[in-house]
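S.K.: pasting the sequence and the predicted coordinates here, then a few questions.
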Amino acid sequence: MAADARDFDYIVVGAGSAGCVLAGRLSEDPAIRVLLLEAGPPDRSPWIHLPFGYAKTMWSPTYNWCFHTDPDPNMNGRRIYWPRGKTLGGSSSINGLIYIRGQREDYDGWAALGNDGWGFDDVLPYFVRGEGNQRGASHYHGGDGPLKVSDIGARHELIEAFIAGAAACGVPRNDDFNGAQQEGAGYYQLNTDRGWRCSAAVAYLRPARGRANLRIECEAHATRIEFEGRRASGVRYRQRGQERLAGCRGEVLLAAGALQSPQLLQLSGIGPAAVLRRQGIAVRHDLPGVGENLQDHLQIRLIYECAKPVTTNDQLNSWFGRAAIGLQWLLTRGGPLAVGINQGGCFMRVLPQESATPDVQFHVATLSADMAGGKVHPFSGFTLSVCQLRPEARGHVRIRSADPFEPPSMQPNYLSTERDRRTAVAAVKAARAIAASAPMRPYVKREVQPGPAAADDAALLEFCRNQGATIFHPSGTCRMGNDALAVVDARLRVHGVTGLRVVDGAVIPTLVSGNTHAPIVMIAEKAVDLIRDERG
């Protein structure tokens, strides 16, 4: 066992969206020594930094954990592919780049559950602090924060037709999903900066890498949190085949994500006692909620053949088209290579009698493929993806063994409630209604998926079970609260021990109404102030 020669004030486990914020912000104080551990390699691949490289990193075992869920009985026994980032920047280095915060009601709901300081008015300043929006500063936006947020730029006639189609169905145009209201259809803003991806590593680590008080260790897989009594005192990790131990005189900050933060807690003896004993792990603290409360957005993808050759499929399926989009990016830092996958979006209520705020989100792509990030179809195609924003389904993450290198059991329990099933079917119907609207009609040649054979609710639900997949937002497995199943308190400290916090998407009590990257950055920005306040 190689012992680390230095003790640190803070050890951050995981260099994803939250871990990069923690390491970058805390190391701003030269008196604080920070160690950042990342199981993956550095973020050197050009496919990480080119927005369209999403299609490459989606399947790369070098930069992606390439997880699969357990067979889900609600999805006809399918195992769902769950990509998660394994490099500096974590999933922010391989995601679809969409910058969405969610709804005011999401955060006010967190506060109503007893999490003081987490209402929307409390967290908005942290969203603003982290954001460097191309549109400049305003009440809802930051203009000079490290995480860059940009408009897509050039309008696309297919997206314009979708927005007009949504309006024909009663959904207004919205030019700022992160402003006063979320409801509406429009273009997404992306975490890009002049045609490049702005991951959390680019935003927060790149400016900090020269600091003498910040040490970044890649290919360093954390295997266990060490304790002295009830206090976290360090982290064991394996790096290039060698076992290492890093000591910590302050706090261990667990930022390994909603799948691996609960895994590491369980491996360290913190979690449901029955789960730990079943794997031969001594129980340090029986904390039943560790790994429970798993939530995710289930994505249902409708695919259409386009009646006009205006899609990204058309460009990618010809040598001339590929050369043209490459040249467009080189000359203007614009075009498909600067966008990623989805350009347009929509937030609407498909169960209006039951939902006071949007209950479904659309991701609209000017391309189509069998799977997100897969090879595009040989025909002109586009995709309308829908997902329920606030699913009732709850799953779990549990270790399979005491081996830290074995992926945990992940069971999302998609579509396990009656309302989730009704919302999924209603969302598909809403997408079909927009596709059938007068503005969209000139662009729709045929519905490829689910196709005309799916004509009633039962057939549509079966389509959702057979084709539904993650939209990459697993959350909630170390939830914040003060009840028996809560894992951390409102200051993100793990119940029952000291010197240990969880700071990532695992602490989310109820899933936000939108993409999760921006909320996780906000959580980490707020955590920095909580830590500084206690340090004095």
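M.R.: That came through, no problem. Residues are numbered from 1 along each chain as shown.
S.K.: okay, and residue 533 sits in which element?
M.R.: For residue 533, the host element (DSSP states H and E) is helix 517-535.
S.K.: which other residues reach that helix?
M.R.: Contacts made with helix 517-535 from outside it, assessed by C-beta atoms under 8 Å, 6 or more residues apart in numbering, are listed as 10, 16-19, 21-22, 25-26, 91-92, 95, 98-102, 117, 123, 126-127, 129-130, 147, 178, 191, 200, 250-251, 253, 255, 491-492, 501, 503-505, 507-508, 512. To be clear about C-beta, it is placed using only N, CA and C from the backbone, and glycine gets the same treatment.
S.K.: buried residues in it?
M.R.: Of all the residues in helix 517-535, those buried under the rule 16 or more other C-beta atoms under 10 Å are 517-528, 530-531.
S.K.: ok, residue 96 touching residue 53?
M.R.: No. The criterion here is C-beta atoms under 8 Å, and residue 96 misses it with residue 53 at 11.4 Å.
S.K.: neighbour count: these two, which is higher?
M.R.: The residue with the greater number of neighbours, taking residue 96 and residue 53 and applying other C-beta atoms under 10 Å, is residue 96; the counts read 23 against 20.
S.K.: ok, the more buried one to residue 182 distance?
M.R.: In this view, residue 96 and residue 182 are 18 Å apart by C-beta to C-beta, to the nearest Å.
S.K.: for residue 317, grab phi and psi.
M.R.: Here the main-chain torsion angles of residue 317 (degrees, to the nearest 10) amount to phi -90, psi 10.
S.K.: ugh, wrong one, residue 383
M.R.: Listed backbone geometry of residue 383 is phi -130, psi 130, with angles given as degrees, to the nearest 10.
S.K.: ok, residue 189 next?
M.R.: Residue 189 has phi and psi values of phi -90, psi 150 when expressed as degrees, to the nearest 10.
S.K.: and if you look at residue 237?
M.R.: Geometry field for residue 237 lists phi and psi as phi -150, psi 160, criterion degrees, to the nearest 10.
S.K.: where exactly do the strands run in the stretch 351-500 of the chain?
M.R.: Secondary structure of the stretch 351-500 of the chain by DSSP state E, counting those that start in this stretch: the strands cover 360-365, 381-388, 395-398, 409-411, 444-449, 469-470, 500-502.
S.K.: chain center to the last one: distance?
M.R.: Using C-alpha atoms, centre = their mean, to the nearest Å, the distance from the centre of strand 500-502 to the centre of the chain it belongs to is 20 Å.
S.K.: ok, the nearest residue to residue 239 once chain neighbours are set aside - how many residues close by?
M.R.: In space, residue 239 comes closest to residue 220 once its chain neighbours are excluded; the distance is 4.4 Å by C-beta to C-beta, 6 or more residues apart in numbering. By the other C-beta under 10 Å criterion, the neighbourhood of residue 220 contains 23 residues.
S.K.: what residues are up against residue 220?
M.R.: Each residue near residue 220 by C-beta under 8 Å, 6+ apart is listed here: 37, 38, 39, 237, 238, 239, 244.
S.K.: mind redoing it with 6 Å?
M.R.: Remark: with contacts taken as C-beta atoms under 6 Å, 6 or more residues apart in numbering, residue 220 is in contact with 37, 237, 239.
S.K.: the second one contacts residue 222, correct?
M.R.: Yes. At 4.7 Å, residue 237 counts as touching residue 222 under the criterion of C-beta atoms under 6 Å.
S.K.: shared neighbours of those two, anything?
M.R.: When C-beta under 6 Å, 6+ apart defines a contact, the residues bordering residue 237 and residue 222 alike are residue 37.
S.K.: and the strand or helix carrying residue 258, which residues are buried?
M.R.: Taking DSSP H and E as the criterion, the element that holds residue 258 is helix 257-267. By neighbour count, with 16+ other C-beta under 10 Å as the criterion, the buried positions of helix 257-267 are 257, 258, 259, 260, 261, 262, 263, 264, 265, 266, 267.
S.K.: can you check stretch 99-116 too?
M.R.: 99-104, 106-107, 109-111, 113, 115.
S.K.: now swap in stretch 167-175 and tell me
M.R.: If you call a residue buried by 16+ other C-beta under 10 Å, then stretch 167-175 has these buried ones: 167, 169, 171, 174.
S.K.: same check, this time on stretch 36-55
M.R.: Buried residues in stretch 36-55, counting neighbours by 16+ other C-beta under 10 Å, are found at 36-40, 43, 45, 47-55.
S.K.: hmm, who's touching it?
M.R.: Outside stretch 36-55, the residues that reach it (C-beta under 6 Å, 6+ apart) are 12-13, 15, 23, 56-57, 86-89, 93, 97, 192, 196-197, 201, 216-222, 237, 337-341, 373.
S.K.: keeping just the C-alphas, turn that stretch into CSV.
M.R.: Once non-C-alpha atoms are left out, stretch 36-55 reads as follows in CSV (Å, rounded to 0.1, in the frame of the first residue of the first chain):
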residue,chain,number,x,y,z
LEU,A,36,-9.2,15.6,-6.8
LEU,A,37,-9.5,11.9,-7.7
GLU,A,38,-10.9,10.9,-11.1
ALA,A,39,-11.2,7.2,-12.1
GLY,A,40,-11.0,8.0,-15.8
PRO,A,41,-8.3,9.5,-18.0
PRO,A,42,-7.7,13.2,-18.8
ASP,A,43,-10.1,14.9,-21.2
ARG,A,44,-7.6,15.1,-24.1
SER,A,45,-9.7,13.5,-26.9
PRO,A,46,-10.8,16.0,-29.5
TRP,A,47,-14.2,14.2,-29.6
ILE,A,48,-14.8,15.5,-26.1
HIS,A,49,-14.4,19.1,-27.0
LEU,A,50,-16.1,19.1,-30.4
PRO,A,51,-19.9,19.2,-29.6
PHE,A,52,-20.8,16.7,-32.3
GLY,A,53,-18.3,14.3,-30.7
TYR,A,54,-21.1,13.3,-28.4
ALA,A,55,-21.9,10.5,-31.0
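S.K.: returning to that earlier point: ok, of the buried residues of stretch 99-116, which one's closest to residue 451?
M.R.: The shortest approach to residue 451 among those belongs to residue 100, at 30.0 Å (C-beta to C-beta).
S.K.: isn't that closest one up against residue 516?
M.R.: No. With contacts defined as C-beta under 6 Å, residue 100 does not count as touching residue 516, sitting 8.5 Å away.
S.K.: look up phi and psi at residue 240.
M.R.: Residue 240 has phi and psi values of phi 50, psi 50 when expressed as degrees, to the nearest 10.
S.K.: what number of residues lie near it?
M.R.: Applying the criterion other C-beta under 10 Å, we find 8 residues in the vicinity of residue 240.
S.K.: what's the distance between it and residue 206?
M.R.: Taken as C-beta to C-beta, the spacing of residue 240 relative to residue 206 amounts to 24 Å.
S.K.: for residue 272, same thing?
M.R.: Look at residue 272 and residue 206: by C-beta to C-beta, they are 39 Å apart.
S.K.: what does residue 498 give?
M.R.: With distances defined as C-beta to C-beta, the gap from residue 498 to residue 206 amounts to 33 Å.
S.K.: including pLDDT and distance to residue 391, could the buried residues of helix 257-267 go into TSV?
M.R.: Below are the buried residues of helix 257-267 laid out as TSV (pLDDT from 0 to 100; distance: C-beta to C-beta, whole Å):
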residue	pLDDT	distance to residue 391
257	97	19
258	98	14
259	98	17
260	98	22
261	98	20
262	98	19
263	98	22
264	98	25
265	98	24
266	98	24
267	98	28
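S.K.: quick check, residue 251 in a strand?
M.R.: Yes. Counting by DSSP: H, G, I helix; E, B strand; the rest coil, one finds residue 251 located in a strand.
S.K.: now do the helices in the stretch 251-400 of the chain.
M.R.: Taking DSSP state H, counting those that start in this stretch as the test, the helices found in the stretch 251-400 of the chain are 257-267, 273-278, 312-316, 319-332.
S.K.: so which of these is nearest residue 454?
M.R.: Among the helices of the stretch 251-400 of the chain, helix 312-316 comes nearest to residue 454, with 22.7 Å by C-beta to C-beta.
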